[in-house]
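Colleague: predicted model, plus sequence, below.
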Amino acid sequence: MNNISDLEKNQCCGCAACYTSCPVKAITMFPDEEGFLYPSIDKEKCLDCGICLKVCENVVFYENEQKIYACWDKEDENRSISSSGGVFSALANIILDKGGFVCAVGYSTDCKECFHKIVTSKDQLDDLRRAKFVQSKKYDVYARIQILLKAGKKLLFCGTPCEVGGLRQFLRKEYDNLLTCDLICGCVSSPEVYKTYIDYLNNKYKSRAISVNFKDKRKGWREKAIAVRFENGEEYYNSILDDDYCVSFHSRYNIRPSCFHCKYRNLKRVSDITLGDFWGIEKYVPEFDDNKGTSFVLANTQKGDSFIHKMSNMNIFFMDINCEQYSSTYNWCLHKNPWDVSIENREQFYQDIKIMPFDKMAEKDLAIIKEERKRRKLNLK
Ligand SMILES: Cc1cc2nc3c(=O)[nH]c(=O)nc-3n(C[C@H](O)[C@H](O)[C@H](O)COP(=O)(O)OP(=O)(O)OC[C@H]3O[C@@H](n4cnc5c(N)ncnc54)[C@H](O)[C@@H]3O)c2cc1C
């Protein structure tokens, strides 16, 4: 066989570049028993042309000299509602002000699904802000982006490193009018487990979730918390150390198998700009730290660097530090695999999630992990 079905499951990040690249639409993205999407080939349609495999293998890292910045928005208005320092919104505003398009991850109206959306106005931006702890669905977004780029439209694409890689591997050409932004990403979780959790909360609060924030900052940037608001005016708020879904994600259960072997987790990056949290900023420059969120910003290309300096209203400080040393000490997800192997009773977790309410499953499968994590007071990045 000369197609993507040859690929081992733990090597497939679900970026959907193969799906979009297939010239005869022989590939669909289909959920497995854990709820992660994988390419499935219609053998009747497949020409065995091998394009899907080539696209998958063609990862191109930028090799330029990189620059590190500490950035945060001078206005609390954007910063307080962003996960870190608000850099994503500042970059999006530059592109939107020029009549361009922004593609990043938003929620479905019932908050049960996350997917890449393309927006054209600042009113639509809030949905795309903030980290969502679930793998986004891509549908046909790469193909829609290609049409816009070919028409000369300016576009900002933001996603995990594998999604930026997937887009560029699909495009197979550099576009001056495309700005790419990836995140320091530890891993992504199952869309199905996420949906099950929202269903569980809806049931518990006898209402419908209208917003989900995995990085609520009301108690500060370091007090990581999830906040879910409901149609009936109620709110669920909890530390991510205590929230069952977040524990399932930040433990080794609810993680896409390929995240254990991520080929994009590298000091060399596939995007123009890499965004993350500047954990450890208090050790480098204490006066930069007010616990409201400071972004770690890595310029990987000249284009990325020039956009960083175009951000108005932003404090931008060049940090003359060694990237590998920084990452190894404070933010290892930039270049090191967070976990070596999958957890032993992973299979049990995915079975239980289908037959038990979320809290009962957590009592059974996550209790030990929760206790252990709290005891060790692990600093979840
Ligand atoms: C799953 C995940 C894990 C992360 N892990 C780390 C980490 O270990 N260390 C670290 O320093 N930073 C991590 N981050 C990045 C960090 O949380 C901030 O998102 C980032 O610094 C940008 O913040 P901001 O204030 O500039 O913009 P924000 O307004 O917070 O923008 C976030 C951007 O990320 C996009 N996004 C949100 N969720 C997803 C998703 N599920 N898939 C793809 N794109 C998404 C949004 O659409 C938006 O473009 C992670 C983000 C995610 C989504």
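Modeller: Structure's in. What do you need?

Colleague: interface residues of this structure facing the ligand?
Modeller: 82-89, 104-105, 114, 128-134, 136, 158-160, 163, 183-186, 188, 275-277, 295-296, 331, 333, 381 (CB under 6 Å from any ligand atom). Bear in mind the C-beta positions are built from the backbone N, C-alpha and C, glycine included.

Colleague: of those, which belong to helices?
Modeller: Among the residues of the chain next to the ligand, the members falling in helices (DSSP state H) are 87-89, 163.

Colleague: top of the residues you listed by number of neighbours, please.
Modeller: Using other CB atoms under 10 Å as the neighbour criterion, residue 163 leads these with 33 neighbours.

Colleague: tell me the contacts of the residue nearest to that one when sequence neighbours are not counted?
Modeller: Leaving aside its chain neighbours, residue 163 sits nearest to residue 15 (5.7 Å; criterion: CB to CB, 6 or more residues apart in numbering). Residues near residue 15 by CB atoms under 8 Å, 6 or more residues apart in numbering: 138, 162-163, 165-167, 169.

Colleague: with these in mind, which one is nearest to the ligand?
Modeller: residue 163 (5.9 Å; CB to the nearest ligand atom).

Colleague: surely that closest one meets residue 136?
Modeller: Yes. Using CB atoms under 8 Å, residue 163 is in contact with residue 136, at 7.1 Å.

Colleague: of the ones in helices among the residues of the chain next to the ligand, which pair is most distant in space?
Modeller: 89 and 163 (18.7 Å; CB to CB).

Colleague: count of neighbours near residue 11?
Modeller: 12.

Colleague: dump the residue contacts of it.
Modeller: 258, 261.

Colleague: of all residues in the stretch 151-300 of the chain, which one is closest to the ligand?
Modeller: residue 276 (2.8 Å).

Colleague: overlap of the contact sets of residue 163 and residue 136?
Modeller: residue 116.

Colleague: sec struct for residue 5, please.
Modeller: helix (DSSP: H, G, I helix; E, B strand; the rest coil).

Colleague: please determine how far it is located from residue 48.
Modeller: Per CB to CB, to the nearest Å, residue 5 is found 11 Å from residue 48.

Colleague: these two: who's more crowded?
Modeller: It is residue 5, of residue 5 and residue 48, that has more neighbours when counted by other CB under 10 Å, with 16 against 11.

Colleague: now the nearest residue to residue 72 once chain neighbours are set aside: phi and psi?
Modeller: Spatial nearest neighbour of residue 72, excluding adjacent residues (CB to CB, 6+ apart): residue 85 at 3.5 Å. The phi/psi pair for residue 85 (degrees, to the nearest 10) reads phi -90, psi 0.

Colleague: how many neighbouring residues does residue 66 have?
Modeller: Neighbour tally, residue 66, other CB under 10 Å: 17.

Colleague: ok, it touching residue 323?
Modeller: Yes. Counting by CB under 8 Å, residue 66 touches residue 323, with 6.5 Å between them.

Colleague: common neighbours of these two, please.
Modeller: Contacts common to residue 66 and residue 323, judged by CB under 8 Å, 6+ apart, are 267, 298.

Colleague: many thanks, have a good one.
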